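> Any chance you could fold what I've pasted below:
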Amino acid sequence: GTPLNQGWGMSEAGPISTLPPSRNANVAPEEAARLRSLAGTPLMNVEMRIVDDEGRELAWDGLTGGELEVRGYAVVRSYLDGAGADAFTHDGWLKTGDIATIDDQGFLRIVDRIKDVIKSGGEWISAISLELAASEHPDIAYAGAVGAHHAKWSERPVLFVQARDGYEDPLDLDGVRAFL
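So this is what the prediction gives:
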């Protein structure tokens, strides 16, 4: 019965940059739950966008993930004495290091952190999503995913798993792959 809401922010951005919409009694419970799972929409004077590895702006379709960049009156434009200049774009956006989606109504969903993403052949693979999917397998108790260097693809995901207590046989690798 405790109402939960989330927003998004960082010290360099105000520190709060998005908030959920005000409560609305006319929203169906399923829609209210969906909205609570999002980080909200930008506050006044905060702009946000998501970009790919090349800095191209991506669609606000709620599905396409990219790095979240923000700018606005409360967002820093640089660090002291020019330190960390690579955290800013040439046109004044702060690179947050967050992987996010934005839907067509401007609702932000934080998906992952760039440091946790496995970049393989131009695709961003969420380590967290891979770990969660593997943990749904009935024979797996814990899972951890990391990126391993690969000559052709830059990185490839490597999944480490622990079988559930009482599971005696080696895990069926083909079965786990089919499950995923």
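> Surely Ser129 is in contact with Asp112?
Yes - the criterion here is Cβ atoms under 8 Å, and Ser129 meets it with Asp112 at 7.5 Å. Placement of C-beta: from N, CA and C, glycine included.
> between the two, which one's more packed in?
Asp112 (19 against 13; other Cβ atoms under 10 Å).
> Pull the contacting residues for that one.
Asp112 is in contact with Gly65, Asp98, Ile99, Ser126, Ala127, Ile128, Ser129, counting by Cβ atoms under 8 Å, 6 or more residues apart in numbering.
> All the helices of the chain, in order from the start?
29-36, 127-135, 173-179 (DSSP state H).
> got a pLDDT number for the residue most central in space within the chain?
When Cα atoms, centre = their mean is applied to the chain, the residue found nearest the centroid is Val111 (1.9 Å). Per-residue confidence (pLDDT) for Val111: 88.
> neighbours around the closest residue to it other than its chain neighbours, how many?
Take Val111 and drop its neighbours on the chain: the residue closest to it by Cβ to Cβ, 6 or more residues apart in numbering is Ile99, 4.7 Å away. By other Cβ under 10 Å, 22 other residues sit near Ile99.
> pretty sure Ile99 is in contact with Glu69, am I right?
No - assessed by Cβ under 8 Å, Ile99 is found out of contact with Glu69, at 11.6 Å.
> So how do I select the buried members of the contacts of Asp112 in ChimeraX?
To isolate the buried members of the contacts of Asp112 in ChimeraX, using 16 or more other Cβ atoms under 10 Å:
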select :65,98,99,126,127
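> can you redo the contacts of Asp112 as TSV with distance to Gly144 and pLDDT?
As requested, these are exported to TSV (distance: Cβ to Cβ, whole Å; pLDDT from 0 to 100):
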residue	distance to Gly144	pLDDT
Gly65	21	91
Asp98	21	93
Ile99	18	93
Ser126	13	86
Ala127	8	88
Ile128	10	86
Ser129	13	86
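> Please identify which of the contacts of Asp112 is nearest to Asn45.
Asp98 (19.6 Å; Cβ to Cβ).
> Please report the distance of the residue nearest to that closest one when sequence neighbours are not counted from Ile50.
Distances taken as Cβ to Cβ, 6+ apart put Leu68 closest to Asp98, at 4.5 Å, once the chain neighbours are dropped. Distance of Leu68 to Ile50, given as Cβ to Cβ, to the nearest Å: 6 Å.
> who has more neighbours, the two?
Between Leu68 and Ile50, Leu68 has the larger neighbour count (other Cβ under 10 Å), namely 28 against 23.
> so which of the helices of the chain gets nearest Phe107?
Closest to Phe107 of those, according to Cβ to Cβ: helix 29-36, at 7.2 Å.
> Output that closest one in CSV, but only the C-alpha positions, please.
These are the backbone C-alpha positions of helix 29-36, laid out as CSV (Å, rounded to 0.1, in the frame of the first residue of the first chain):
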residue,chain,number,x,y,z
PRO,A,29,-4.2,0.4,-12.6
GLU,A,30,-2.1,-1.3,-15.3
GLU,A,31,-1.2,2.0,-16.9
ALA,A,32,-0.5,3.5,-13.4
ALA,A,33,1.9,0.5,-12.8
ARG,A,34,3.6,1.1,-16.2
LEU,A,35,4.1,4.8,-15.5
ARG,A,36,5.6,4.0,-12.1
